[in-house]
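>>> Requesting a structural model of the entry that follows:
(chains A and B, ligands or ions: 2)
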Amino acid sequence: MAAYESFFDALGLRDWCDADKTDGPMSMAQLLAQTQGGDAGAEGPVLPFPSLDVLHEACHRIGQTRDVTEGLERGFLDIRPELKLVLDPITQPLSWMLDGALWVAEGTPWWIMIPALLLLSYLVSRSKAVTAFVAAVLVFFAVIDHYDVAMQTLAIVFVCTGLSVLFGVPIGIGMSKSNTAQRLIVPILDLLQTLPTFVYLIPLIFLFSVTESKLYGIAIILYAIVPVIRLTDLGIRLVDKDVVEAANAFGMNAWQKLSRVELPLALPNIMAGVNQTIMMSLAMVVIASLVSAPGLGVLVLRGIRNLELGVGIVAGLGIVLLAVILDRVSKAALARVDQQRGH
Amino acid sequence: MSAKVAIRNLYKIFGPRGAEMVPLVENGMDKATLLDRHGHVLGLRDINVDMAAGEITVIMGLSGSGKSTLIRHLNRLIEPTAGEILIDGQDVMRLGPAELRAMRQKRMSMVFQKFALLPHRTVQQNAEMPLSVQGHDPARTTEDAKRWLARVGLAGNEQQYPAQLSGGMQQRVGIARALTANTDIMLMDEAFSALDPLIRSDMQDLLLELQKELQKTIVFITHDLDEALKLADHLVILKDGAVVQQGEPQGILLAPADPYIEDFVSDINRARVLRVRSIMEPVDRDTFDGDVSPDSNLERLIAQSDGDTNHVYRVVEDGAVLGQVNMQTLVKALVPRVRSTDRTAAR
Ligand SMILES: Nc1ncnc2c1ncn2[C@@H]1O[C@H](COP(=O)(O)OP(=O)(O)OP(=O)(O)O)[C@@H](O)[C@H]1O
Ligand SMILES: [Mg+2]
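Ligands and ions are numbered 1, 2, ... in the order given. Next up is the predicted model:
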């Protein structure tokens, strides 16, 4: 440690260092050393790595590592009111949508809801087998008294997937049209995808109150929007160059090209992205129950907290079943689009 | 005849500083040197071509000679580095984006080597595309598309998807689409190259038949000399981005301007391609062994003469005597004038 002290002495910075010397809070290392009864200074390695904490020892003007995390926190808290001022109104509709969807899911009697969902699955998939499977799963949920929670989860997934597509497709289109946009957005997508899912929740909890539905809505959308953006971009970039050239040669404008050529030809890729997005919002909806998202996730959590093995496992399997029906229905829709083109 | 499409001193050099390379190329730098020293690709060099209204202009050349590059300049899918493109006397380079789109919609249509149909649309919808882009009344659009599809032999296939059709049928859709656009000018980039020989010959016949009826200004690209000779009213031969010879095809066949073209023309069946009109001479006698039409090919005349080289025929068209054909002249015309000798050695 002495090495760094003499280093500051040599630079003639001693006075500056000791100017307003107050005993700052102890660093973790010091604390540990103290509780173990040793003297932190004497027993350390001869030349420790000059980390912030070590340098702080030698010169008190240099901050400790905890100052960095503290600074980050303080900085965030400082801009919080302004951030809230902007984000609150923008995201308010999300709360309304989620609450509305949950109200519909809980309020609609089962003898309307189940036929409606079956009709929807049939319209999307045009497959009797898939629809029959969906019917079996819904009836199973109802029989084991998990119908309400399953509907809550489904409602949240619908809203979040819908919004992800609504925002994700235009972002993907923008990316496919500009290499600069692509270069800027790809790292953000990488970040969203690799950031541990719990980490999303931390800043969101500071920004919004846990009682607001938009809190978990935002967390789910941020996580689930990534594949639909990526695959829209990819899909449009992969559109046959010859067909785009033909579109130009017959005098299409940018909008006609997009709506008549690029989006339809990219559709199989975009739908693969939507399928992924559905799966990811379903995965996130469980974690979101930590911040008061209702649904099957709550039961999983109860299983963990109270060590109620059966409750947790049944709820977990329920999520798997939901995932399977959502996947089958969206895959069937994709297959239908492919087939329609005579492939 | 004033040119429908005129290309004047057109240069295209691919690369970030193409314009700076034009003077070098003007001073004679060739394609390989330009790529070597400056990293730019010479696409087209000083092209001057006039394309007459109602004629088929065929642009021929080996792979990489710049044919596709040239045809894409006509509707500005590729921007020239220097030069002018005049359509009906109007400089295409002066058009703004909206005018350019209007020109592509109303004055030029295009047929592609790989068909480039919309896979998610039916045959009918593909044929309607040029008119629906212009926002025409749907009823008329449907009717036009249907009529042209029937004209190219696709009546009854309207509701199929392109992937359900054979290559030849897909290209018929491509042609119907171009015809529905109802433009004076049709650009065809190797339109028949992806088809097998019999279908290809059918499509050439179809094109000639349509052309007799419609008299469009057609720019047709091919790397196949037989196809070029069958279709061309005016033949332009490209090599390394420059025009090596252009003119009436029979003339090029009889008097190739350089060894590159001699090689090109030496392999074809001259008796079938050459026509009486190209080898006839002024009348210098009174008695003939028979009458022939000027558009008859030499093969037919040889059959008519039973191989007797002493015969002389009178060339008659619509009752007027145009000249005479001596069988001995005919035999000489069948032999390529010069055959580059080192060509066989090089193989
Ligand atoms: N975008 C481009 N960038 C750089 N070089 C290009 C580009 N497009 C074409 N070229 C070059 O220009 C030359 C002419 O190409 P072009 O496609 O016009 O040939 P082509 O005669 O149509 O050949 P093919 O019969 O193979 O279609 C080639 O040497 C090609 O490499
Ligand atoms: Mg080409």
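>>> where in chain A is pLDDT low?
Low-confidence segments of chain A, defined by pLDDT under 70: A:1-2, A:20-31, A:33-44, A:342-343.
>>> Which neighbouring elements make contact with the longest helix seen in it?
Of all segments of type helix in chain A, defined using DSSP state H, the longest is helix A:65-107. The contact analysis (3 or more C-beta pairs under 8 Å, 6 or more residues apart in numbering or on different chains; DSSP states H and E) places helix A:65-107 against helix A:52-58, helix A:147-177, helix A:197-207, helix A:213-237. (C-beta placed from N, C-alpha, C; glycine too.)
>>> most packed of the ones you listed?
Burial of the helices and strands packed on helix A:65-107 is given as mean neighbour count (mean count of other C-beta atoms under 10 Å in any protein chain shown); helix A:213-237 ranks first at a mean of 24.
>>> Just want the angle from the longest helix of chain A to helix A:213-237.
90 degrees (axes from the mean of the first three to the mean of the last three C-alpha atoms, to 10 degrees).
>>> For the following helix or strand past helix A:65-107, give me every contacting residue.
Per DSSP states H and E, the first helix or strand lying C-terminal to helix A:65-107 is helix A:110-125. Residues from elsewhere that reach helix A:110-125, judged by C-beta atoms under 8 Å, 6 or more residues apart in numbering or on different chains: A:105, A:108, A:128, A:130-131, A:134-135, A:138-139, A:142, A:147, A:151, A:325, A:328-330, A:332-333, A:336.
>>> If any of those are buried, give me the ChimeraX selection for them.
Listed next is the ChimeraX selection for buried residues among the contacts of helix A:110-125, using 16 or more other C-beta atoms under 10 Å in any protein chain shown:
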select /A:105,130,131,134,135,138,142,147,151,325,328,329,330,332,333
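>>> Listing request: residues of the stretch 151-300 of chain B with sub-threshold pLDDT.
For the stretch 151-300 of chain B, no range has pLDDT under 70.
>>> ok, 80 please
B:264, B:267 (pLDDT under 80).
>>> Show me how the record splits the chain into domains.
Let's take chain A. A:5-63, A:81-342 (automatic domain parsing).
>>> Oops, wrong one, chain B.
Chain B breaks down by automatic domain parsing into domains covering B:51-107+B:183-265, B:270-333.
>>> circling back to that earlier point, save the domains of chain A as JSON lines, and put in distance to B:Ile185 too.
Supplementary listing: those in JSON lines, determined by distance: least, C-beta to C-beta, whole Å:
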{"stretch": "domain A:5-63", "distance to B:Ile185": "74"}
{"stretch": "domain A:81-342", "distance to B:Ile185": "12"}
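>>> Which one of the ones you listed lies nearest to ligand 1?
domain A:81-342 (11.1 Å; C-beta to the nearest ligand atom).
>>> ok, B:Val292 touching B:His311?
No. Judged on C-beta atoms under 8 Å, B:Val292 makes no contact with B:His311 at a distance of 10.4 Å.
>>> More neighbours: which of the two?
The residue with more neighbours, out of B:Val292 and B:His311, is B:Val292; 24 against 19, by other C-beta atoms under 10 Å in any protein chain shown.
>>> ok, and the closest non-adjacent residue to the more buried one?
Using C-beta to C-beta, 6 or more residues apart in numbering or on different chains and skipping the chain neighbours, the partner closest in space to B:Val292 is B:Tyr313 (4.8 Å).
>>> and the gap between the one you found and B:Leu35?
Distance, B:Tyr313 to B:Leu35, by C-beta to C-beta, to the nearest Å: 53 Å.
>>> Also A:Ala101?
Distance from A:Ala101 to B:Leu35, by C-beta to C-beta: 62 Å.
>>> Check B:Pro259 too.
Applying C-beta to C-beta, the value for B:Pro259 to B:Leu35 is 23 Å.
>>> Quick check: chain neighbours aside, which residue is closest to the residue nearest the centre of chain A?
Of all residues in chain A, the one closest to the mean position by C-alpha atoms, centre = their mean is A:Tyr223, 2.1 Å from it. Closest residue in space to A:Tyr223, ignoring its immediate chain neighbours: A:Met284 at 4.7 Å, by C-beta to C-beta, 6+ apart.
>>> host element of the one you found?
helix A:263-287.
>>> so that helix versus helix A:197-207, what angle?
Helix A:263-287 and helix A:197-207 are oriented at 80 degrees to each other (the same axes, to 10 degrees).
>>> now for helix A:263-287, which elements pack on it?
So helix A:263-287, by 3+ C-beta pairs under 8 Å, 6+ apart, packs with helix A:147-177, helix A:197-207, helix A:213-237, helix A:296-305, helix A:309-340.
>>> What is the neighbour count of B:Ala228?
Neighbour tally, B:Ala228, other C-beta under 10 Å: 25.
>>> residues in contact with residue 167?
You didn't pick a chain, so chain A it is. Residues near A:Phe167 by C-beta under 8 Å, 6+ apart: A:Ile221, A:Ile225.
>>> wrong one, chain B
For B:Gly167, counting by C-beta under 8 Å, 6+ apart, the contacting residues are B:Phe115, B:Ala194, B:Leu195, B:Asp196, B:Ile199.
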